[in-house]
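Visitor: I'd like to go over a predicted model; first the sequence, then the structure.
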Amino acid sequence: MCSASDPSDRGGDVNEWEIAAAVLGLALIPCVGVALLAAPASGLAAMQVASVLLATILVLLSEGLHRQPFVDLAVVFAPMSLVGSLLFARLMERDL
Amino acid sequence: MSWRAVAAAILLIAGGLLELVAVLGICVMRDVYDRLHYVGLAGFGGLLIGLAVLVRESFSLIGDKALLVGAILVVTGPILVQTTARSLLIRQLGDWRAKAREESEQ
């Protein structure tokens, strides 16, 4: 049974939401570069921006593909990334 | 093309551009405190994209959750930036509050 969200129904067309998700996915590469190559504190800032990008990409994929689990993942990921970043900041404070 | 599609496209492009500017700022700025400013900007990009989904889908399950994600990103952005900057300052200078307390007791 094919649903409306089946990619085969769309004839392989790419919509604007998927294009935006792809562009933001490419924008993750500089963030990863800064996180790997710059000082740890700058890497933390890059990681925080990357986590915002990733939450947005999940929302865009959910809308583009009409798959609700992606947006559920974004709802969970957004607060969890906050907790992770705060933990990193706290550990960095004590040079751990 | 309906007005909803046009409004959603405008919000989508604006949100995407804000996030790209945030990534550019992270790459171009040299100081970590300058870089931290762009975390909040990226959150606002996320909110605009959430609004784009909301305009397109109206108050459906996906639309509501997209708006929720945008709101979370905007609200938590300043908290994250302030806490990170404070931690980095303590790492750099030591705990200035304890020193100030000792000085006031003397």
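Guide: Received it, and whenever you're ready, just let me know what you need.
Visitor: and residue A:14, which of the three is it?
Guide: The local conformation at residue A:14, judged by DSSP: H, G, I helix; E, B strand; the rest coil, is coil.
Visitor: Distance check, it against residue A:42.
Guide: Distance of residue A:14 to residue A:42, given as Cβ to Cβ, to the nearest Å: 34 Å. (Each C-beta comes from the backbone N, C-alpha and C, glycine too.)
Visitor: Among these two, which residue is more densely surrounded?
Guide: residue A:42 (22 against 11; other Cβ atoms under 10 Å in any protein chain shown).
Visitor: And chain B, is stretch A:64-80 touching that?
Guide: Yes: Stretch A:64-80 reaches chain B (Cβ under 8 Å from any Cβ of the partner chain) through A:66, A:68, A:71, A:72, A:74, A:75, A:78, A:79.
Visitor: Other residues contacting that stretch?
Guide: A:4-5, A:7, A:15-18, A:20-21, A:51, A:54-56, A:58-59, A:61-63, B:61-62, B:65-66, B:68-69, B:72-73, B:76 (Cβ atoms under 8 Å, 6 or more residues apart in numbering or on different chains).
Visitor: I figured residue B:81 hits residue B:34, correct?
Guide: No: counting by Cβ atoms under 8 Å, residue B:34 is not a contact partner of residue B:81; they are 11.6 Å apart.
Visitor: Which of these two has more residues huddled nearby?
Guide: residue B:81 (21 against 14).
Visitor: what's the spacing between the more buried one and chain A?
Guide: 8 Å (Cβ to the nearest Cβ, to the nearest Å).
Visitor: Name the helix or strand for that residue, please.
Guide: In this assignment (DSSP states H and E), residue B:81 forms part of helix B:61-93.
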